[in-house]
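[1] From the sequence below, what's the structure:
(one chain, ligands or ions: 1)
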Amino acid sequence: MNAQPTPALSSDDMDAFWMPFTANRQFKAHPRLLARAEGMHYWTADGRQVLDGVAGLWCVNAGHGRREITDAVAKQLGTMEYAPTFQMGHPIAFELANRLAQLAPPGLDRVFFTNSGSESVDTALKIAIAYQRARGAGQRTRLIGREKGYHGVGFGGMSVGGMVNNRKFFGSSMLPGVDHLPHTLDIGHNAFSRGLPHWGMHLANELERLIALHDASTIAAVIVEPLSGSAGVVLPPVGYLKRLREICDKHDILLIFDEVITGFGRVGKPFAAQAFDVTPDIMTTAKGLTNGAIPMGAVFSQRKIYDTFMQGPENTIELFHGYTYSAHPVACAAALATLDIYAREGLLTRAATLSSQWEDAVHSLRGAPHVIDVRNFGLIGAVELESRVGKPGARGYEIFVKCFERGVMVRQTGDVIAMSPPLIIEPKQIARLVETLGDVIRETA
Ligand SMILES: Cc1ncc(COP(=O)(O)O)c(C=O)c1O
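    Numbers count the residues shown, from 1 in each chain. Sure, this is the predicted structure:
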């Protein structure tokens, strides 16, 4: 289907929008404008069809333009466009929380709503610290993140995160009392692993070292992405997450999984916690919750955490935290419609069905020029390219732009090209995505 070309923007028209995580001047000189989307595709402002290899930004898991979501949103806007959830409530917020609790790993059945992944992370960190206080361990305030971690852009998420460019400009404004585990990317040992790498489980033992340094009695929580996307797809070695869980249990430290990317079917189960058979104490989500249609996040907590807050006089507000738009009714409607689609079309487990074909496809790029690693898990793939001398990221950017010009959208982080298509992708579209990337890599010096 062709889109009507939309009028071109002049560079003056683009001045006012300070674009996020974008090289603004470079982009505005050579814009890539998306105007319409349906199914597996975007259409550009000048009417070109582009295969979406990243589900927007890892969020449009059920594909674009889902009529059921649009209808649910329109209906909710017509019924009640907004309602507060501070000392008030509305039925679909409770319905959504119940539905989510049923999908979650056992015990993670208390749900706090936010509007984004960053807010989910900051909410989870605040719950963890306030929980320690509520149970009489108020000296446990330290947070442990991980190098290469991405937990959004709030001050909390930035502090526990481990991506240098996201941190260095804000250096002295980080939360105090944060330390970091080493990351688990080791191309020397694990290059071209199919699925989870086998080397590196022992890296989880670094948590014992940090505990020995700070003492368990000062640590509230450890937060990791079970599988990190934004830093260029970094996978947990086999056994690594289980080991983290064991160490946290031993020292009575909360384990938080940031499932903003991995939640809602990306790795073949509703959540990565289920795929890896490791249950955290708190789990953050966003993105796929509403198929990206309306901003929304959700933080899942173990019931024991919630119950710890439910003490004292009943007229006490137990957690002084929340957002004007927590459980926004329109977002709730979008999420419920999204969950219906996921259930009806089996999308929360479809990645597991596709993953061996996906793995073969992405590993076919091994041997292409400058490819130094290929990584995959669920419906996530990454190709790491050797950096040009003195120009890190230049090759990755060129490949990303050329793919887009050839009608395929991938995501570039430095010299890593990441792919995470909508879970409705068909085998022939997997082939097209990977073949286009391969052609472009072969043509790029
Ligand atoms: C693991 C993880 N946490 C948090 C976030 C932040 O989410 P948002 O951009 O919705 O604030 C992201 C975004 O990519 C993410 O991948």
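[2] How many neighbouring residues does Ser116 have?
    19 (other Cβ atoms under 10 Å). Heads up, the C-betas are built off the backbone N, CA and C, glycines and all.
[3] Quick one: residues contacting it.
    152, 286, 295-297 (Cβ atoms under 8 Å, 6 or more residues apart in numbering).
[4] Just the ones of these in strands?
    Taking DSSP state E as the definition of strands, the contacts of Ser116 contribute Gly297.
[5] and which of the contacts of Ser116 is nearest Pro422?
    Ala286 (16.6 Å; Cβ to Cβ).
[6] any idea how far that closest one is from Ala298?
    7 Å (Cβ to Cβ, to the nearest Å).
[7] which residues do the two both contact?
    114, 120.
[8] neighbour count winner among those two?
    Comparing Ala286 with Ala298 by other Cβ under 10 Å, the one with more neighbours is Ala286, at 29 against 26.
[9] The more buried one against Phe300, yeah?
    No. Between Ala286 and Phe300 there is no contact under Cβ atoms under 8 Å: 11.9 Å.
[10] Give me the three-state assignment for the residue nearest the centre of the chain.
    Central residue check for the chain by Cα atoms, centre = their mean: the C-alpha nearest the mean position is that of Ile261, 2.2 Å away. On the three-state scheme (DSSP: H, G, I helix; E, B strand; the rest coil), Ile261 is labelled coil.
[11] Does it touch Pro226 like I think?
    No. Between Ile261 and Pro226 there is no contact under Cβ under 8 Å: 9.3 Å.
[12] so what pLDDT did Ala3 get?
    Here the pLDDT value assigned to Ala3 is 47.
[13] With Gly145 instead?
    Confidence score, pLDDT, at Gly145: 98.
[14] Grab the nearest non-local neighbour of it.
    Val160 (3.1 Å; Cβ to Cβ, 6 or more residues apart in numbering).
[15] Run through the residues that contact that neighbour.
    Counted by Cβ under 8 Å, 6+ apart, Val160 has contacts 121, 125, 143-146, 149, 151, 175, 178, 180, 223.
[16] Pro313: which of the residues you listed is nearest?
    Distances from Pro313 to these, taken by Cβ to Cβ, are shortest for Leu125, at 26.6 Å.
[17] can you narrow the contacts of Val160 to ones near the ligand?
    Contacts with the ligand within the contacts of Val160, as defined by Cβ under 6 Å from any ligand atom: 121, 151.
[18] Give me the subset of the contacts of Val160 that lies in strands.
    Using DSSP E, the contacts of Val160 in strands are 143-146, 178, 180, 223.
[19] Make TSV out of those and add neighbour count.
    Below are these laid out as TSV (neighbours: other Cβ atoms under 10 Å):
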residue	neighbour count
Leu143	24
Ile144	26
Gly145	29
Arg146	28
Val178	18
His180	18
Ile223	29
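[20] Ser326 reaches Thr85, doesn't it?
    Yes. Under the criterion of Cβ under 8 Å, Ser326 makes contact with Thr85 at 5.2 Å.
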